[in-house]
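Trainee: Would you be able to build a 3D model of this:
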Amino acid sequence: MQGQRCEAVLDTLVNPLRPVPAAVLAVSRITEAMVRAAPTFAEIAGSVLAALAGRVFVAHNARFDWRFLAAEVRRARGLRLDGPRLCTVRLARRLVPNVESCSLDGLTLRFGYENPARHRAGGDALVTARFLQRLLRLAREAGARTLADLTEMQKAPGPPCPS
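Mentor: Numbering: from 1, shown residues only. Reported below is the predicted structural model:
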């Protein structure tokens, strides 16, 4: 995101070169047939690195997603992935009062966002981007002015969010 505009969108299925785990199938409904002809991570690694270059990685539960992404970049390119990261779960804990749930579904419902592609990278990323815009407004109201301020804000202890 650059302001209100989506600057870069990278949305593709990835062939994991192994069977799709039952838990992934149950949550995402992504089947082996769907990924069979999809590119491998090694084939899209350059596009992923280009999308991340000079940008802040933002995700809902960023630590979880970053671990997978970093492992794949290491495997595909032998590189250590590094860069600034923001977690919308951690920011929500500090900035959204009286929230019933910090799950992406709970926050999407709370703020009336639609996510027609739930549990897919593209759909979840776009709704997370909309949520980030709201969090940035709340963070500014709380005094945050810089990325360093946001980074510190997400590190500060906050009340636990119900699941």
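Trainee: Report the buried residues of the one helix or strand residue 33 maps to.
Mentor: Using DSSP states H and E, residue 33 sits within helix 32-35. Applying a neighbour-count criterion of 16 or more other CB atoms under 10 Å, one finds residue 35 buried in helix 32-35. Where you see a C-beta, it was placed from the backbone N, CA and C, and this is true even at glycine.
Trainee: pLDDT score assigned to residue 25?
Mentor: In this prediction, residue 25 carries a pLDDT score of 90.
Trainee: part of a strand, is it?
Mentor: No: counting by DSSP: H, G, I helix; E, B strand; the rest coil, residue 25 falls outside a strand, being helix.
Trainee: from what I can see it touches residue 34, true?
Mentor: No: contact status for residue 25 versus residue 34: not in contact, 9.8 Å apart, counting by CB atoms under 8 Å.
Trainee: Please pull out the lowest mean pLDDT helix or strand from the chain.
Mentor: Scoring the helices and strands of the chain by mean pLDDT, DSSP states H and E places helix 104-111 at the bottom, with a mean of 88.
Trainee: Buried residues, that helix. List them.
Mentor: Buried positions in helix 104-111, judged by neighbour count with 16+ other CB under 10 Å: 104, 106-108, 110.
Trainee: same deal with stretch 113-128?
Mentor: Using 16+ other CB under 10 Å as the test for burial, stretch 113-128 gives 115, 120-121, 123-128.
Trainee: Let me know the average pLDDT across that stretch.
Mentor: On average, stretch 113-128 scores 83.
Trainee: got the end-to-end distance for that stretch?
Mentor: 10 Å (CA to CA, to the nearest Å).
Trainee: which residues touch the top helix by length along the chain?
Mentor: Ranked by number of residues, the top helix in the chain under DSSP state H is helix 121-141. Residues outside helix 121-141 that contact it (CB atoms under 8 Å, 6 or more residues apart in numbering): 1, 4, 6, 9, 11, 58-60, 86, 88, 91-92, 95-96, 104, 107-108, 111, 113-118, 149-150, 153.
Trainee: where along this protein do the helices fall?
Mentor: Secondary structure of the chain (DSSP H): helices located at 22-28, 32-35, 41-52, 62-77, 88-95, 104-111, 121-141, 147-155.
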